[in-house]
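Student: need a 3D model of the following:
(one chain, ligands or ions: 1)
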Amino acid sequence: MRVFTGIQPSGDLHIGNYFGSIKAMVDSQAENEVFAFIANYHAMTTVQDGRRLSELTMQAATDFLALGIDPEKSTFWVQSDVKEVLELYWFLSSFTPMGLLERAHSYKDKVAKGISANHSLFAYPVLMAADILLYDVDVVPVGKDQIQHVEIARDIAIRFNNAYGDILKLPEFRVDENVATVPGIDGQKMSKSYGNTINIFGDEKAQLKTIKKIVTEAVPMEEPKEWRGCNVYNIAKLFLDEDECLALQERYERGGEGHGHFKLYLAEVIWEHFRPYREKRAYYEAHQDEVRDILKAGAAKASEAAREIMEKVRSVTGAAY
Ligand code: TYM
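Tutor: The predicted model follows:
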């Protein structure tokens, strides 16, 4: 089975990205063919400083490798290194009703917040459809926020296939309900654009400072606390096994500890969880040329798959004459 994902290099990767997507991709590698890429074209909708975008692209690639994407087993590349994606994007545009894009949450939410939209934000789901449909993908593991985008890709593929025959494979999304929406430090969905993220790789002190800002109920130290619905607990449980969750619940219910204690515990749990990955990250950080070589080799593999589909697309649409 071919499993597929993309991540925008629009800032530091956070634990929402990790549980919503990266972990599923890394775990899939044992039994599946994994295709994962850095969506730098998508990030251009928000990052419009060239040097910054190239730095963020290398940073995201370094993080992804450190977290366990294995370039020997999987195909890992940067979106802009496979030119065919922009070609397919255009072919798909003719099968994308305006209404479909007008209903896209990502666009509607930004407009509702008063952000003036440019064409690339509006057309974002078409490029994402091109990403997915270019590689004969079976499954796309995503967080809840990206489900609609995969549905739009399916919808566009159906319209294209109705016109030209069975050319594009319909992808399925896969969402792990336990991590469908990882909460941020304010309890809303964790997101770079809300400024409520806990980063995967950061300085220990900064990390602790962020965790101390997690919004909690004011309850006197001696009294029992409610773990259900508590932002600290909800983030901690992502990292804990069943016994550890029960032990933490007991600490809440016993009283005698404040939320400050639970926050310190959470900071420690997160720091320890990513320790081995930090070591691997330090290696790749010191060997950026190796990272570039991995990305170029990945792009060559991805291009091969892309060329196969594009040949069919050019042929059936009459672009090849
Ligand atoms: P992006 O970069 O915003 O997020 C990458 C992945 O992380 C997931 N995610 C979350 N999951 C749970 N809780 C959260 N708080 C949370 N925040 C982020 C996202 O659901 C996503 O799976 N448009 C995509 C990038 C993309 C893509 C693709 C993904 C471009 N082309 C093709 C899949 C297939 C995006 O902006 O993800």
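Student: distance of residue 24 from the ligand?
Tutor: Remark: distance between residue 24 and the ligand (Cβ to the nearest ligand atom, to the nearest Å) = 9 Å. Every C-beta, even on glycine, is put in place using the N, C-alpha and C of the backbone.
Student: that residue sits in which helix or strand?
Tutor: Secondary structure from DSSP states H and E places residue 24 in helix 23-28.
Student: just how off-centre is that helix within its chain?
Tutor: Counting by Cα atoms, centre = their mean, to the nearest Å, helix 23-28 is centred 12 Å from the centre of its parent chain.
Student: buried sites along the next helix or strand along the chain from that helix?
Tutor: Moving toward the C-terminus from helix 23-28, the next helix or strand (DSSP H and E) is strand 33-38. Within strand 33-38, the residues that count as buried by 16 or more other Cβ atoms under 10 Å are 33-38.
Student: which strands or helices does strand 33-38 pack on?
Tutor: When contacts are defined as 3 or more Cβ pairs under 8 Å, 6 or more residues apart in numbering; DSSP states H and E, strand 33-38 packs onto strand 2-7, helix 23-28, helix 50-66, strand 75-78, helix 288-317.
Student: avg pLDDT for the third one?
Tutor: The one in question is helix 50-66. The pLDDT scores in helix 50-66 average 98.
Student: hmm, who's touching it?
Tutor: The contact list for helix 50-66 (Cβ atoms under 8 Å, 6 or more residues apart in numbering) reads 7-13, 22, 36, 38, 40, 43-44, 47, 71, 76, 78, 200-201, 277-278, 280-281, 283-285, 288, 291-292, 294-295.
Student: buried set for stretch 199-212?
Tutor: 199-202, 207-208, 210-211.
Student: what helix or strand is the residue in the stretch 201-321 of the chain positioned nearest to the ligand located in?
Tutor: Residue nearest to the ligand within the stretch 201-321 of the chain: residue 238 (9.7 Å; Cβ to the nearest ligand atom). Assigned by DSSP H and E, residue 238 falls within no helix or strand.
Student: would you enumerate the residues in contact with the spatially closest residue to it that is not a sequence neighbour?
Tutor: In space, and not counting its chain neighbours, residue 238 is closest to residue 19: 5.5 Å by Cβ to Cβ, 6 or more residues apart in numbering. Applying Cβ under 8 Å, 6+ apart to residue 19 gives the contacts 176, 179, 182, 238.
Student: same question, residue 292
Tutor: residue 58.
Student: what does the protein have sitting close to the ligand?
Tutor: 4-8, 16-17, 20-21, 39, 42, 128, 131-132, 140, 142-143, 145-146, 149, 179, 181-182, 189-191 (Cβ under 6 Å from any ligand atom).
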